[in-house]
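Peer 1: here is my input, please return the structure:
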Amino acid sequence: MIPMTTITTSAIPVSPALRILPEILLTVTGVLVMLIESVLAPNTSRKPLGVMAILGTLAALAASLYQLQLPAGTAFFGTVQSDAFSVFFHLVIGGIVLVTLLVSLDYFEGHTSYVGEYYALILFGAVGMMLMTSSVELLMVFISLEISSISTYILAGYRKRSATSPEASIKYFLLGSFATAFFLYGIALCFGATGSTNIYDIAKGVASGASPLLLTVAFGMMLIGIGFKVSLAPFHVWTPDVYEGAPAPVVGLMSTAPKAAAFAVLLRIAYGAYGTMTHVWMPLIWMLAVLSMTIGNLGALTQHNVKRMLAYSSIAHAGYLLVAFTALAPMGIAAASFYTAAYAAMNVGAFAIISYLSGYDEARTNLGDYAGIARRHPMAAAALAVFLISLIGIPFTAGFFGKFYVFTAAINSGNAWLAILGLLNSGVAAFYYLRLLGQMYMLPQEAGLAPDTIRARPSFVLGVAILVIAVFALGIFPNSALRLARAGAATFNVQHRIAAAAFPVARFER
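Peer 2: Model prediction:
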């Protein structure tokens, strides 16, 4: 059991390096990968570099678990904070990176040189994402966001010989840079209203009633920047094209890990900094949740490319996750955190199987290409079926419990209509997920193309097995993840008490 006392600050001195130990380990591993890459001959296998990256990620995961034993606290002049909330997202991001490295170990073999750059970029991107989740200083969040974004921009275009991959990278870069400008401008307005970019100081300024209009505009602009990163409608226009053009393992990474980090930032800003202005930002969250669920699911219905279908699906799932934000209670924060982990397991798994079935060139990713695939690749089809039924929300899977937890939190907070809209959208989503399942199991093999596949190597099988186990574990035995998610949510009560002590406003008393 994870003790709730992990959220309590302590006078026990803790080395600042321990507060960012996972990030340090990933950075050192990434640098070593790049240095060794530079001295290897062009035709030498890069798998040892991938193994090194995997070992570095395992070390970072172990360091994250070690941070649970530390008293919650800040370091580096109050810019980063390690607590149960940051540890939860560290574990989610580290797990995504680990599985992505496992399924990618043979993906580029024989197709391109200097694959070490790919492993290093994944590690450096993870550093940025983890720093985002532990930052309590908005300028640090911005720097971390740029570290993460630059890595994913390059990874999206890593299949250089493909016409669609560089195009996806350019679109992602141009629109991402535009959205980042909104986020930075929101930070500037926050500073103008409160005189600080620290989340705790902003919370005190919000509680004192300083410049409410300016603070509202600042939140709106930061929400636009984060909305792009998590593919919320109407900031989703880049998603289908980028997901279609980027390599499938990269899509699995970029559709989950950066979203987890961005949602962690949004939770800190909404509940930590703007906890007393829920009447201002709640209608925005409500509207974005409905738009994302509806546009995402309706868009997915019309897609015949599996990657584009899952791209619109990811937009819808971002809307489901936003439903938890309306709960206005620690339960809502915990529900959003848990759903992030559940979605990561099933979505990374789906794209891992797509990378296996379509091969490196990904020339065959249409629905017709999956006709009768269960007869030729029964294990891969079975794994994809597990991930699809979890995305639908069938009981005993992570998707079911994640949606149940999110919708329950919304209903308990008086947002029953939003939960009903989410359930209706889940019914719509079931159609296109079941359509793909029907293609795999119900149609004869002759009706579809026989896709070229890469060989299922042990590392790939291990990565997919981890994800399948995670899907069932989060759906049947969710208690460990729930305890950590709730412990992370409880840290926001500490933040509210700090702000209330400085400015005793009645709105803090919930």
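Peer 1: state the next helix or strand along the chain beyond the helix of greatest length in the chain.
Peer 2: The residue-count maximum for a helix in the chain (DSSP state H) belongs to helix 164-194. Using DSSP states H and E, the helix or strand that follows helix 164-194 in sequence is helix 199-207.
Peer 1: pull the number of nearby residues for Thr256.
Peer 2: Residues near Thr256, counting by other CB atoms under 10 Å, number 28. All C-beta spots, glycine's among them, are computed from the backbone N, C-alpha and C.
Peer 1: quick one: the residue lying closest to it once chain neighbours are set aside from Pro42, how far?
Peer 2: Spatially, and ignoring its direct neighbours in sequence, Thr256 is nearest to Ala344 (4.1 Å; CB to CB, 6 or more residues apart in numbering). Here Ala344 is placed at a distance of 35 Å from Pro42 (CB to CB, to the nearest Å).
Peer 1: neighbour count: the two, which is higher?
Peer 2: Ranked by neighbour count (other CB under 10 Å), Ala344 and Pro42 place Ala344 first, with 26 against 6.
Peer 1: list the residues that contact the more buried one.
Peer 2: Shown in contact with Ala344 (CB atoms under 8 Å, 6 or more residues apart in numbering): 92, 95-96, 256-257, 260.
Peer 1: which pLDDT does the model give it?
Peer 2: For Ala344, the model assigns a pLDDT of 94.
Peer 1: need phi/psi at it.
Peer 2: Note on Ala344: backbone dihedrals following degrees, to the nearest 10 are phi -60, psi -50.
Peer 1: quick check: the residue nearest to Thr256 vs Gly296, distance?
Peer 2: According to CB to CB, Ala344 and Gly296 sit 17 Å apart.
Peer 1: same question for Ser162.
Peer 2: Distance from Ser162 to Gly296, by CB to CB: 26 Å.
Peer 1: can you check Phe235 too?
Peer 2: To Gly296, Phe235 is 12 Å away according to CB to CB.
Peer 1: give me the more crowded residue out of the two.
Peer 2: Shown here are Phe235 and Gly296; by other CB under 10 Å, Gly296 has more neighbours (27 against 24).
Peer 1: chain center to stretch 171-181: distance?
Peer 2: The chain centre lies 18 Å from the centre of stretch 171-181; the measure is CA atoms, centre = their mean, to the nearest Å.
Peer 1: strands of the protein, start to end?
Peer 2: Taking DSSP state E to define them, one finds strands in the chain at 73-75, 80-82.
Peer 1: okay, buried residues for the first one please.
Peer 2: It stands for strand 73-75. 73-75 (16 or more other CB atoms under 10 Å).
Peer 1: Gly422: which of those is nearest?
Peer 2: Among the buried residues of strand 73-75, Thr74 lies closest to Gly422 (CB to CB), at 35.8 Å.
Peer 1: report the beta-bridge partners for that closest one.
Peer 2: Bridge pairing for Thr74 (DSSP bridges) gives the partners Gln81.
Peer 1: show me what contacts it?
Peer 2: Contacts of Thr74 (CB under 8 Å, 6+ apart): 19, 80-81, 136.
Peer 1: with pLDDT added, can I get these in CSV?
Peer 2: Shown next, in CSV, are the contacts of Thr74 (pLDDT from 0 to 100):
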residue, pLDDT
Arg19, 92
Val80, 93
Gln81, 91
Val136, 92
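Peer 1: what's the farthest-apart pair in those?
Peer 2: The largest distance within the contacts of Thr74, taken as CB to CB, falls between Arg19 and Val136 and amounts to 11.1 Å.
Peer 1: could you tell me which residues touch both of those two?
Peer 2: Contacts common to Arg19 and Val136, judged by CB under 8 Å, 6+ apart, are 74, 80-81.
Peer 1: redo the residues you listed as CSV? Include distance to Ile150.
Peer 2: Formatted as CSV, the shared contacts of Arg19 and Val136 follow (distance: CB to CB, whole Å):
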residue, distance to Ile150
Thr74, 26
Val80, 20
Gln81, 24
